[in-house]
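Asks: Next one to model:
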Amino acid sequence: MEIILKKDVENLGYKDDIVVVKPGYARNLLIPQGFASIATPSAKKMLEETLRQRSHKEAKIKDAALATAKKLEKATVKIGAKVGEAGTKIFGSVNTIQIAEALNAQGFEVDKKTIKILGSQIKEVGSYQAEIRLHRDLIITMDFEVIAE
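Replies: Reported below is the predicted structural model:
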């Protein structure tokens, strides 16, 4: 069954993509929750016209994302965390919220939902990497460091 996505759905596609899914998945999950609509011929024509009108704006958004990516590559992010007596193991763990707050403090507008920490949970002081999705076609890998407070 062909559907048009109304929102980004992880492991399926991005907003305004036409994807083929099993009918049960579309009827029972995607359509009732407002993630998608059925791709009828008239809906496809409307989507095509909308995408044509939006393409110019999309190019500007992508250029802005590229400029942000260049600035993020040069940025150094340090996240402070409380540590135990040994000085390496931290209380709790570092998550995407803390990374987003650190980036926002440096002037970058990054949403916590677009950040994905590479590897396992961060429970020790050290250097780590995270992926940031700035645009649907632009994903960068950024290094950050967890330091003791």
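Asks: Please report how far the residue positioned nearest the centre of the chain lies from A102.
Replies: Residue closest to the average C-alpha location in the chain (Cα atoms, centre = their mean): T114, at 2.2 Å. As judged by Cβ to Cβ, to the nearest Å, T114 and A102 stand 14 Å apart. Yep, even glycine has a C-beta here, placed from its N, CA and C like the rest.
Asks: returning to what we had before: not counting sequence-adjacent ones, nearest residue to the residue nearest to the centre of the chain?
Replies: What sits nearest to T114 in space, not counting adjacent residues and going by Cβ to Cβ, 6 or more residues apart in numbering, is R133, at 4.5 Å.
Asks: ok, that neighbour touching K112?
Replies: No. In this structure, R133 sits apart from K112 without contact. The criterion is Cβ atoms under 8 Å, and the distance is 11.6 Å.
Asks: Pick out whichever of the two has more residues nearby.
Replies: R133 (17 against 14; other Cβ atoms under 10 Å).
Asks: Who are the packing partners of whichever strand or helix holds that one?
Replies: Using DSSP states H and E, R133 maps to strand 126-135. Other helices and strands packing on strand 126-135, by 3 or more Cβ pairs under 8 Å, 6 or more residues apart in numbering; DSSP states H and E, are helix 41-74, strand 115-117, strand 138-148.
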